[in-house]
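Q: what follows is a protein structure lacking sequence information:
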């Protein structure tokens, strides 16, 4: 591997680590609450905010784009909190519908954009290979703040507080890695380790890190799309880990 490839892959790998640090605990909470589509819905709504920012012609002002995307995601979070509170029996159906409406809305907003296909691809599979140093620094600062709130505030125990933290985290990660990798980072490690009782966070993080590392290396070696390759790599690692998490190994839940 030459120095040029390393200079591209290393920032991408760091971006993946930053995403995993917040998304693993959020993913476990999503699994626990039974709102699997919530991450897709919030990610898509955050993406809708990015599209709106592009239509307003402010893409050259990253902070403003981030603000618009965050406001969009927080509005989505408030809607999902209301759905979970008022429509608990059909919440998954309603959250899934919210995702479809947000995705369709994005397509409608981009319908007159000649570069719509490219923008949609960037939104879904991301541009992880082209993350900038400024993006990594700002995401790292946000990650520290979110982890502090997750550990020492009571926001995560309330429905609205959880969705608000979730929305802010997803807003940043969607712009780093795209909707598909956000979903994979949230669900694959949490799902692969749901039988594990001891050191679950550790095993989940190892699965996520292995997925990003293997996916990035394979994408570089075989000239494959990085986002999609990482999703598949993480899924395969997750399946292998889940198969190993058996009662006779002493790490599974009873």
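A: Arrived safely. Only a predicted model underlies this, so the values are computations on that prediction, with no experimental measurement involved.
Q: so, low pLDDT: which residues of this structure?
A: The chain contains residues with pLDDT under 70 at 1-4, 114-120, 246-254.
Q: one more time with 50
A: Counting by pLDDT under 50, the chain has low-confidence residues at 248-254.
Q: list the contacts for the residue most central in space within the chain?
A: The residue lying closest to the centre of the chain (CA atoms, centre = their mean) is residue 182, at 2.1 Å. Contacts for residue 182 (CB atoms under 8 Å, 6 or more residues apart in numbering) come out as 19, 23, 39, 43, 170, 173-174. Every C-beta, even on glycine, is put in place using the N, C-alpha and C of the backbone.
Q: if I look at residue 142, how far off is residue 39?
A: 17 Å (CB to CB, to the nearest Å).
Q: circling back to that earlier point, which of the contacts of residue 182 has the most neighbours?
A: residue 170 (34 neighbours; other CB atoms under 10 Å).
Q: surely that one is in a helix?
A: Yes - with the criterion set as DSSP: H, G, I helix; E, B strand; the rest coil, the secondary structure at residue 170 is a helix.
Q: my guess is it contacts residue 72. True?
A: No - counting by CB atoms under 8 Å, residue 72 is not a contact partner of residue 170; they are 10.9 Å apart.
Q: who touches both of these two?
A: Common neighbours of residue 170 and residue 72 (CB under 8 Å, 6+ apart) are residue 46.
Q: distance between stretch 183-194 and the chain's centre?
A: With CA atoms, centre = their mean, to the nearest Å as the basis, stretch 183-194 stands 11 Å off its chain's centre.
Q: and the contacts of that stretch?
A: The contact list for stretch 183-194 (CB under 8 Å, 6+ apart) reads 16, 19-20, 23-24, 26-28, 30-31, 36, 39-40, 43, 173, 177, 200, 203-205, 207-208, 211, 230-231, 234-235, 237-239, 241-242, 245, 253.
Q: and the helices in the stretch 101-250 of the chain?
A: Listed in chain order, the helices of the stretch 101-250 of the chain (DSSP state H, counting those that start in this stretch) span 116-125, 133-152, 159-177, 179-192, 200-222, 226-244.
Q: of the ones you listed, which stretch is the most buried?
A: Across those, averaging neighbours per residue (mean count of other CB atoms under 10 Å) puts helix 179-192 on top, at a mean of 26.
Q: buried set for stretch 66-86?
A: 66, 68-70, 72-74, 76-77, 79-81, 83-84 (16 or more other CB atoms under 10 Å).
Q: distance to residue 102 added to the contacts of residue 182, as a markdown table?
A: Below are the contacts of residue 182 laid out as a markdown table (distance: CB to CB, whole Å):
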| residue | distance to residue 102 |
| --- | --- |
| 19 | 20 |
| 23 | 19 |
| 39 | 12 |
| 43 | 9 |
| 170 | 12 |
| 173 | 16 |
| 174 | 12 |
